[in-house]
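Engineer: next come a sequence and a model predicted from it.
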Amino acid sequence: MILDAHVHTDKYSSEDLNKVAKECRTYDIKLLSVAMCVPSYISIKALSDKYDFIIPSFGIHPWKADIYAQDLISLDKYLFESKYIGEIGLDKKFLDYAASFRDQQQVFEYIVSHRAVDNKLLNLHTSDAELEVLQILERYKRHSIVHWYAGDLEVLDKYLALGSHFSIGVEILFSKHIREITRRIPLERILTETDNPSSYSWLLGKEQNDGMPALLFKVIDKICEVKQIPKDIFLKILEENQKNILL
């Protein structure tokens with residue numbers, strides 16, 4: 001089994017979900033499907049009841065934080081219910097989409113500090129706010145996957161010191177900096193992701209929601225090239241890494 005550690009399955013059309021299902025069953029791929037908000041989580045939960053390869057995760061994305069900042073207690077039900085937490089975090093990069101930073105911080109720290117997430121895996125968004133996310137994470141010592149890390153290497157080292165894993169995604173195909181980050185991360189801390197369905201198209205300058213699970217193999221091939229490791233050996237390491245983070 002190969003895990004895609006960061007996907008938005010609720011953004012697929014019904015037609016594309018049928019294609020997703022075919023690829024997941026053909027290649028034995030499971031999808032850790034992160035939520036953006038409460039309705040997103042409810043949709044993903046329903047999809048996980050239909051498709052056994054979807055693993056649902058509850059979170060409030062920093063772009064949606066303003067909706068919940070004044071009603072944090074409404075999140076409690078879902079924080080207790082979900083085995084996995086994400087997508088959560090802070091964003092100082094995509095300012096046209098993100099909520100106010102104050103709202104982001106309120107929602108993020110409420111979730112990270114909540115007793116319902118004790119021993120649960122957090123799926124983190126850190127765009128241009130890597131240090132601020134780290135500072136909150138250091139206070140509560142949570143287990144985390146850092147999604148699409150693109151920050152400083154020095155800050156990356158601090159996440160590693162906390163025991164974080166990193167999900168490497170499609171930008172490794174295009175970015176020297178992401179490849180440099182990948183070289184820095186120990187093999188035993190690497191996971192893989194696509195951020196499907198839209199991220200690959202977005203990097204290519206297209207507006208499409210058509211990324212498919214098998215895109216993961218392009219990421220894996222590039223990681224093997226960057227780390228200079230045979231694919232069969234990397235896949236064995238990846239399998240162990242996945243076992244270490246899945247409940």
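Structural biologist: Arrived safely.
Engineer: ok, and what's touching the helix or strand of the chain with the lowest mean pLDDT?
Structural biologist: Of all regular secondary-structure elements in the chain, judged by mean pLDDT, DSSP states H and E, the least confident is helix 199-203 with a mean of 91. With C-beta atoms under 8 Å, 6 or more residues apart in numbering as the test, helix 199-203 has contacts from 169, 170, 171, 173, 174, 194, 207, 208, 209, 210, 211, 215. C-betas here are computed from N, CA, C, even on glycine.
Engineer: residue 60: what secondary structure?
Structural biologist: With DSSP: H, G, I helix; E, B strand; the rest coil as the basis, the three-state label of residue 60 is coil.
Engineer: tell me the contacts of it?
Structural biologist: Contact analysis of residue 60 by C-beta under 8 Å, 6+ apart lists 35, 36, 37, 38, 67, 68, 75, 88, 107, 111.
Engineer: my read: the first one touches residue 87, true?
Structural biologist: Yes - taking contact to mean C-beta atoms under 8 Å, the distance of 6.8 Å between residue 35 and residue 87 places them in contact.
Engineer: in the least confident helix or strand of the chain, what counts as buried?
Structural biologist: Judged by neighbour count (16 or more other C-beta atoms under 10 Å), helix 199-203 contains these buried residues: 199, 200, 201.
Engineer: now stretch 215-226
Structural biologist: In stretch 215-226, counting by 16+ other C-beta under 10 Å, buried: 215, 216, 219, 220, 222, 223, 224, 226.
Engineer: got any residues that touch both of residue 35 and residue 87?
Structural biologist: Listed as contacting both residue 35 and residue 87 by C-beta under 8 Å, 6+ apart are 57, 59, 61.
Engineer: could I get the residues you listed as TSV with distance to residue 102?
Structural biologist: As requested, these are arranged in TSV below (distance: C-beta to C-beta, whole Å):
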residue	distance to residue 102
57	25
59	19
61	16
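Engineer: any idea which of the buried residues of helix 199-203 is closest to residue 180?
Structural biologist: Closest approach between these and residue 180, by C-beta to C-beta: residue 199, at 19.6 Å.
Engineer: any idea how far the closest one is from residue 49?
Structural biologist: Residue 199 sits 26 Å away from residue 49 when distances are taken as C-beta to C-beta, to the nearest Å.
Engineer: return the residues in contact with residue 227.
Structural biologist: Contact partners of residue 227, counting by C-beta under 8 Å, 6+ apart, are 182, 183, 187, 234.
Engineer: what's the pLDDT at it?
Structural biologist: At residue 227 the predicted local confidence, pLDDT, stands at 99.
Engineer: one step back: which one among the buried residues of stretch 215-226 gets closest to residue 165?
Structural biologist: Proximity of the buried residues of stretch 215-226 to residue 165 was ranked by C-beta to C-beta; the top entry is residue 223 with 13.6 Å.
Engineer: ok, the closest one - contacts?
Structural biologist: Residue 223 is in contact with 168, 172, 182, 190, 192, 234, counting by C-beta under 8 Å, 6+ apart.
Engineer: quick check, the first one in contact with residue 178.
Structural biologist: Yes - taking contact to mean C-beta under 8 Å, the distance of 7.4 Å between residue 168 and residue 178 places them in contact.
Engineer: between those two, tell me which one has more neighbours.
Structural biologist: Taking neighbours as other C-beta atoms under 10 Å, residue 168 and residue 178 compare with residue 168 leading, 25 against 20.
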